[in-house]
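S.K.: Take this sequence and fold it.
(one chain, ligands or ions: 2)
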Amino acid sequence: MKVSQIFFQTLKEVPKEAQIESHRLLYRAGMIQKLASGIYNYLPLVLRSVRKLENIIREELNKRGCQEILMPAVQPSDIWEESGRWSYYGPELLRFKDRKGSDFCLGPTHEEVITDMVRKNLRSYKQLPYNLYQFQCKFRDEIRPRFGLMRAREFIMKDGYSFDINEEKALDSYKSMYEAYIAIFKRCGLKFKPVDAATGSIGGDKSHEFQVLAESGEDVILSCSKCEYAANKEKAKTKIDFRQSDDEMEKMEEVHTPGKKAVEDVAEFLKKRPSDFIKSVIFVVDGKPALIMVPGDREVNEAKIQAFFKADSIELADDATIEEVTGAETGFAGPVGLKKEILIALDHNLEGRRNLVSGANKTDYHFINISPERDFKPSVTGDFVVTRKGERCPDCDGLLEEFRGIEVGQVFFLGTKYSEKMHCSFIDENGQQSNAVMGCYGLGVGRTVQAAIEQNHDEYGIKWPMALAPYEAIVLPLQMNKEEVVDVAEKIYKKLLNAGVEAVLDDRDERAGFKFNDADLVGYPVQVVIGAKSLEKGEIEVKIRKTGEKKAVPLNEVEDFVCRYKKEEMAIDH
Ligand code: ATP
Ligand code: MG
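M.R.: Numbers count the residues shown, from 1 in each chain. Ligands and ions are numbered 1, 2, ... in the order given. Purely as a prediction, here's the structure:
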């Protein structure tokens, strides 16, 4: 390809919405255009990277017995009614009606469609396992689309689904996909970490995310300084030792705390420490209110609560629900004296504690000297707080460190959540009807490509890992008015193509500085620079974009040199 023919325009001014470097670079290098909020055109250069990633994914999945399919982006509501998700998948689901008034959505994910597809085909255990995947545009009406392709509303995802005869086999499928993801991200040349993850509304009870390490990442990861333990902060655990307080239990009393609601305000007013408070938060879990109690200085962890109750949906209760449950304004909830009998859940960190402060379920009142063991009986106890850095690893005596990451993929062990509801079953070896045990495996294609840029760039532009670079090399003739320079450039360009290097020739009649800047910006891993001066010595200069290293290479050795470098880089990436 000649650079003059590539459909791209480098930009100096970047739209303000681009807050992170990879997003700015995609604009600056002429790789994307915005059509609407969170909706982008992928221009030829970045689409080449996308296709390369897709091929890496394809190779790794096909190798492991997966088969590619393509399901529709448009999905009818009836299968979502069957799985139960039509009613609780929130405003992220783009719903619409066809001309007959039937309900449809644009698929944010495809569990329903695949389960429907497989059940129509599945009869006997002998057919399983199935492991099917697709590359498809997903639509999620994200509340805050941002960071370009990373949090878009329409985006390309590889989504895969496995169906097995039992849990053991399904776990094998899960492990095989976990390994495939490791192989894929390694081949992309990314620095990443697999971490334990929460399952959210997709459900199931086991999940890992693949996090590309980057300062600008939206996710926080806690990982052990000593062992392999790593988890998304939403899911991270710590070691909790039960400690029985030896303080005397004082008499519980109601105290007037006019207008003081937040823990900090009440603590200041009563001259107590926030850590001596029971913070009570009311959630609506699958439609039912529940009171969750954590220490006053800790954050409540919604993802852990959802996982603990295996809930399809969870949200903070609104003021009306809180008033109905507590008989008081929002801000005075507590475990003693609730007006309605609801589930009350105590965080482990509060077990054994005495003489605490809590809301009194009465506007402007709190209790002091409330002791869980004497004053109320929780329905359940569990881990309901956000774990913090510096706390102890749950698996060893190391401490947890914090990193930021970009979630590029997630694998879920679904169990029979969908197959049960949607009757995706088969006749097992003993002639019994049995539900398929499922897993699902998502990988954000656009997000991964952009994460590669986020992790590999400098002030001049992108430093593509070889495996994902739109093109592997650029040939840069510096003086377009010198016949010899142009001739040699053409020849080397052709030789590189013949040697299997994906090369472009910058045939534009522009200043050398302009061409260098564009080459750095677009991020070709190798720049082959043809200048009149070095040609006199029978040499040309090869610049490695990743390291900035420049090397004079004899004219007849150029393609060997580039091929060798390419091979080494691909090997590193593997
Ligand atoms: P997030 O927590 O970032 O919203 P998610 O956990 O909802 O993502 P999954 O349902 O696990 O996403 O989807 C699988 C993969 O699809 C993610 O790992 C991510 O790489 C990609 N992805 C999800 N949402 C988006 C988006 N809005 N734009 C681009 N890629 C996305
Ligand atoms: Mg996810």
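S.K.: Across the sheet, point out what pairs with the residue nearest the centre of the chain.
M.R.: For the chain, residue 407 is the residue whose C-alpha lies nearest the centre (C-alpha atoms, centre = their mean; 2.5 Å). Beta bridges link residue 407 to residue 211, judged by DSSP bridges.
S.K.: next one: residue 295
M.R.: residue 278.
S.K.: Residue 275 is in contact with that one, correct?
M.R.: Yes: between residue 295 and residue 275 there is a contact at 5.6 Å, judged by C-beta atoms under 8 Å. Where you see a C-beta, it was placed from the backbone N, CA and C, and this is true even at glycine.
S.K.: When those two are compared, which one has more neighbours?
M.R.: Just comparing residue 295 and residue 275: by other C-beta atoms under 10 Å the higher neighbour count belongs to residue 295, 20 against 14.
S.K.: Contact residues of this protein facing ligand 1?
M.R.: Applying C-beta under 6 Å from any ligand atom, we find that the chain lies next to ligand 1 at 109, 140, 142, 150-152, 155, 157, 407-410, 442, 444, 446-447.
S.K.: and of the residues you listed, the nearest to residue 528?
M.R.: Set against residue 528, the nearest of the residues of the chain next to ligand 1 by C-beta to C-beta is residue 446 (29.8 Å).
S.K.: so who does that closest one touch?
M.R.: Shown in contact with residue 446 (C-beta atoms under 8 Å, 6 or more residues apart in numbering): 42, 50, 149, 150, 152, 155, 156.
S.K.: Which of the residues you listed fall in helices?
M.R.: Cross-referencing these against helices under DSSP state H gives residue 50.
S.K.: Please flag which of the contacts of residue 446 sit within strands.
M.R.: With strands defined by DSSP state E, the entries of the contacts of residue 446 inside them are 42, 155, 156.
S.K.: In JSON lines: the residues you listed, plus pLDDT.
M.R.: As requested, the ones in strands among the contacts of residue 446 are exported to JSON lines (pLDDT from 0 to 100):
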{"residue": "42", "pLDDT": "98"}
{"residue": "155", "pLDDT": "98"}
{"residue": "156", "pLDDT": "98"}
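S.K.: Would you mind checking these for buried ones?
M.R.: The neighbour count (16 or more other C-beta atoms under 10 Å) marks 42, 155, 156 as buried among those.
S.K.: which ones are touching residue 439?
M.R.: Residue 439 sits in contact with 161, 162, 164, 170, 173, 174, 177, 204, 411, 412, 413, 414, where contact means C-beta under 8 Å, 6+ apart.
S.K.: Likewise for residue 502?
M.R.: Going by C-beta under 8 Å, 6+ apart, residue 502 touches 469, 471, 472, 473.
S.K.: Between which two of the residues you listed is the distance greatest?
M.R.: Farthest pair in the contacts of residue 502 (C-beta to C-beta) is 469 and 473. Separation: 8.8 Å.
S.K.: Could you pull out the residues contacting both of these two?
M.R.: Common neighbours of residue 469 and residue 473, counting by C-beta under 8 Å, 6+ apart, are 502, 524, 525.
S.K.: for those residues, which one is nearest ligand 1?
M.R.: residue 525 (24.3 Å; C-beta to the nearest ligand atom).
S.K.: Just confirm that closest one contacts residue 547, I think it does.
M.R.: No: assessed by C-beta under 8 Å, residue 525 is found out of contact with residue 547, at 10.2 Å.
S.K.: ok, these two, which is more surrounded?
M.R.: Neighbour count, other C-beta under 10 Å: between residue 525 and residue 547, residue 525 has more, with 24 against 8.
S.K.: List the residues that contact the more buried one.
M.R.: Contact partners of residue 525, counting by C-beta under 8 Å, 6+ apart, are 463-466, 469, 472-473, 544-546, 565-566, 569.
S.K.: redo that, cut-off 7 Å
M.R.: Each residue near residue 525 by C-beta atoms under 7 Å, 6 or more residues apart in numbering is listed here: 464, 466, 469, 472, 545, 546, 569.
S.K.: just residue 301 next, same as before
M.R.: 234, 384, 385, 386 are the contacts of residue 301 under C-beta under 7 Å, 6+ apart.
S.K.: Columns pLDDT, secondary structure and neighbour count on top of those residues, output as a markdown table?
M.R.: Putting the contacts of residue 301 into a markdown table (pLDDT from 0 to 100; DSSP: H, G, I helix; E, B strand; the rest coil; neighbours: other C-beta atoms under 10 Å) gives the following:
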| residue | pLDDT | secondary structure | neighbour count |
| --- | --- | --- | --- |
| 234 | 94 | coil | 21 |
| 384 | 97 | coil | 24 |
| 385 | 97 | strand | 22 |
| 386 | 97 | coil | 17 |
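S.K.: Ramachandran angles for the residue in the chain that ligand 1 sits nearest to?
M.R.: Closest contact between the chain and ligand 1, by C-beta to the nearest ligand atom, is at residue 444 (2.2 Å). Reported as degrees, to the nearest 10, the phi and psi values for residue 444 are phi -80, psi 110.
S.K.: do the same with residue 366
M.R.: Per-residue torsions, residue 366: phi -130, psi 160 (degrees, to the nearest 10).
S.K.: Pull the number of nearby residues for the nearest residue to it once chain neighbours are set aside.
M.R.: Leaving aside its chain neighbours, residue 366 sits nearest to residue 257 (4.8 Å; criterion: C-beta to C-beta, 6 or more residues apart in numbering). With neighbours defined by other C-beta under 10 Å, the count for residue 257 comes to 21.
S.K.: OK, contacts around the residue of the chain closest to ligand 1?
M.R.: Contacts for residue 444 (C-beta under 7 Å, 6+ apart) come out as 155, 157, 408, 409.
S.K.: tell me which of these is nearest to residue 534?
M.R.: Nearest to residue 534, judged by C-beta to C-beta, of those is residue 408 at 41.2 Å.
S.K.: which non-adjacent residue is nearest that closest one?
M.R.: residue 448 is the one closest to residue 408 (C-beta to C-beta, 6+ apart), at 4.5 Å.
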